[in-house]
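> build me a model:
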Amino acid sequence: MLALLFILFAGMAIGCALAVVAQRNPLYSAISLVGVFISLACLYVTLAAPFIAAVQVIVYAGAIMVLVVFVIMLLNVEQEERSRNRLKFLVPVAVVLAAVLIAEVAFMLFSVNNPTPVVSDVGLTASIGSQLFTRYLLPFEITSILLLMAIVGAMTLARRGGLLASDARVIPGAQQLPLSMVDPRAAPDDLRLVETDSTQEAARLLGVDSRNTERD
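Below you'll find the predicted structure:
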C-alpha cells in the first residue's frame, strides 16, 4: 500500500514540476510549485517523517509561496513574453542532463539490493526536538541571531537611504511655476505658467541656493 502511495505522490510531484516549467503564466507556475511541495510532504509522510512533512507544508508551501505569489501580483506579470532564443545550445544540454538523471534513478531502482528495513526514529518530531534543543542548541541560536542581524541591517540601510539633510531643499528638475510665485511684482492671482527645465533654473527663479538643493 505504501509503495502505491509513494508512486502516486511521486507522479504528482513530477507532473506538477513539469507544469511549473510549461506554464507561461507565472501565477499558474507558482500554483503548480505549491503542488510539488504538497506532493513532497506526502512522500515524507510515507517515509515516516511527519515533522519534515509539516515543515514542508508550513514553510515552503505556506510562507515562501505566499511571498512568491505576492511578488508576482505586485509586479503584475501576466504572461511570459517570447523572445528570440540566443542560447540554443542549452536545449541539447538539458536533454543530456535529463537522460543522465533518469539513468541514475533507474540504476538505483534496479541495481541496488533492497536492504533489511531497520526501525529508526530519524525524522520523528520527538527525535528532532530533542536533538535541536540539546546537541544542536548553539548552532540553532546562532542562526536566529544571524537572521535578526540581517533584519536590523536591512532596516538600517533602507532608512539611511531615505533620509535627507536638515538643510536640504528638494526642487524638481523640471516643473511649471505660476508667475506670481516667480515674480513678486506680478499680481497674486496671475496664474500664467513659467516653465523650468532644470533644478538650477528652478532654484534661481525661486531665489534658492542651488547648492542646498537635491534632485528629486
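> hey, let's count contacts and neighbours off CA atoms from now on
OK.
> in stretch 35-47, what counts as buried?
Of all the residues in stretch 35-47, those buried under the rule 16 or more other Cα atoms under 10 Å are 35-46.
> ok, these vs Ile151, which is closest?
Nearest to Ile151 among those is Phe37, at 26.6 Å by Cα to Cα.
> for the helix or strand encompassing Leu4, list the C-alpha coordinates in PDB.
Leu4 belongs to helix 2-22 when assigned by DSSP states H and E. C-alpha atoms of helix 2-22 as PDB (Å, rounded to 0.1, in the frame of the first residue of the first chain):
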ATOM      1  CA  LEU A   2       2.800   2.400   0.900                       C
ATOM      2  CA  ALA A   3       4.600   1.600  -2.400                       C
ATOM      3  CA  LEU A   4       1.500   2.500  -4.400                       C
ATOM      4  CA  LEU A   5       1.100   5.800  -2.400                       C
ATOM      5  CA  PHE A   6       4.700   6.600  -3.000                       C
ATOM      6  CA  ILE A   7       4.400   6.000  -6.700                       C
ATOM      7  CA  LEU A   8       1.200   8.100  -6.800                       C
ATOM      8  CA  PHE A   9       2.700  11.100  -5.000                       C
ATOM      9  CA  ALA A  10       5.900  10.800  -6.900                       C
ATOM     10  CA  GLY A  11       3.900  11.000 -10.200                       C
ATOM     11  CA  MET A  12       2.000  14.000  -8.900                       C
ATOM     12  CA  ALA A  13       5.300  15.800  -7.900                       C
ATOM     13  CA  ILE A  14       6.800  15.100 -11.400                       C
ATOM     14  CA  GLY A  15       3.600  16.300 -13.100                       C
ATOM     15  CA  CYS A  16       3.400  19.500 -11.100                       C
ATOM     16  CA  ALA A  17       7.100  20.100 -11.700                       C
ATOM     17  CA  LEU A  18       6.600  19.800 -15.500                       C
ATOM     18  CA  ALA A  19       3.700  22.200 -15.200                       C
ATOM     19  CA  VAL A  20       5.900  24.700 -13.400                       C
ATOM     20  CA  VAL A  21       8.200  24.800 -16.500                       C
ATOM     21  CA  ALA A  22       5.500  24.500 -19.100                       C
END
